[in-house]
Every structure is written in structure tokens, then in C-alpha cells.
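J.: Show me the folded form of this:
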Amino acid sequence: MSDRPTDDASEGGEDPLAAFGAYLRTQRQLAKLSLRQLAELTRLSNPYLSQLERGLHQPSIKAVKAIADALDLQAETLIAQLTGDAPGAPASGGSGDTEAAIRNDPRLTAQQKAALLSVYESMVGESGRSSPTG
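T.: Numbers count the residues shown, from 1 in each chain. Predicted coordinates:
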């Protein structure tokens, strides 16, 4: 079998590697880092990081840890994004539709998308701990 996305990914569900890459790119841009700067901070190659952002390669745990440290994120957050276990990640169901809509809205800048996704994820994450107030 090839590493190309299956029909399932093109029929509504987003390819997990592509979703991770988009998340990674957004977080890098939010940190105001160029790809080259991130490569220097992580000691990973610029082409490798570019492949990750384009969803062409699955990162190793070591790479995820280096990226998380450089972007001041928890490695668990990136792993959850990569595996689809994060709130709003494509594999989690309905909330993935919301996240995909934010990511795919051409009217939003990368920074606006990052801000909306961050707020959305914080709200979804808290929904399991407290009941909604009216």
C-alpha cells in the first residue's frame, strides 16, 4: 500500500498528517518563527520540517519533542494532534468539522485561525469538566 491518503480522507475526513502539518504551521506562525528559525531551534532540517508541515511525513517522537520545546507547547499536545486524539482533531467526530471549517475558511488569516482554534479547543476541553451556563 502507498502512503497516499485514502478515499476516506478525501470524502470528508481530513488526512491526519495533513491536519497535523496545518496545526504545526499555524503554531510556528503564531510563534512568529520562520521555517529556518524553527529548524535551528529544533536541530531538525528545514526540508524535514517542510515535509511535516505539508503532511508528507510522520514525525518521530524525538522530532515531536524538539518541536514542542521550540514552540513552547507540550509534546502531548502535538502527539494528540498527530494521532487525532486532540479536542477537535479530525478523528474525534463532530468537533473535527468545526476545526476543519476554521482551517479552511479563506477569509481568515493564519493568526486568526490559530486564535480561533486555540479558543475552540480550550472550550471543548472544558466542556467535559463543567456544565454549560446559560
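J.: wait, doesn't residue 72 sit right on residue 31?
T.: Yes: using Cβ atoms under 8 Å, residue 72 makes contact with residue 31 at a distance of 7.3 Å. For every residue, glycine as well, the C-beta is placed using N, CA and C.
J.: ok, the two, which is more surrounded?
T.: residue 31 (15 against 8; other Cβ atoms under 10 Å).
J.: Could you list the residues in contact with stretch 58-69?
T.: Contacts to stretch 58-69, defined as Cβ atoms under 8 Å, 6 or more residues apart in numbering, come from residues 17, 24, 38, 41-44, 48-49, 52, 73-75, 77-79, 82.
J.: These in helices, which ones?
T.: 17, 24, 38, 41-42, 48-49, 52, 75, 77-79, 82 (DSSP state H).
J.: can you pull the pLDDT of the residue most central in space within the chain?
T.: Compute the mean C-alpha point of the chain, and by Cα atoms, centre = their mean the closest residue is residue 23, 2.4 Å away. Looking at residue 23, its pLDDT reads 90.
J.: That one touches residue 79, doesn't it?
T.: No: using Cβ under 8 Å, residue 23 is not in contact with residue 79, being 11.6 Å away.
J.: sorry, back to before: now for the ones in helices among the contacts of stretch 58-69: which two are most distant?
T.: 17 and 41 (22.0 Å; Cβ to Cβ).
J.: These two: which has the busier surroundings?
T.: residue 17 (20 against 15).
J.: Please list all residues in contact with the more buried one.
T.: Residue 17 sits next to 55, 56, 57, 58, 82 when contact means Cβ under 8 Å, 6+ apart.
J.: just curious, which of those residues is nearest to residue 105?
T.: Using Cβ to Cβ, residue 55 comes nearest to residue 105 of the contacts of residue 17, at 18.8 Å.
J.: ok, now which ones touch that closest one?
T.: Per Cβ under 8 Å, 6+ apart, neighbours of residue 55: 15, 17, 18, 19, 20, 21, 22.
J.: Against residue 108, how distant is the second one?
T.: Translated: residue 17. 22 Å (Cβ to Cβ, to the nearest Å).
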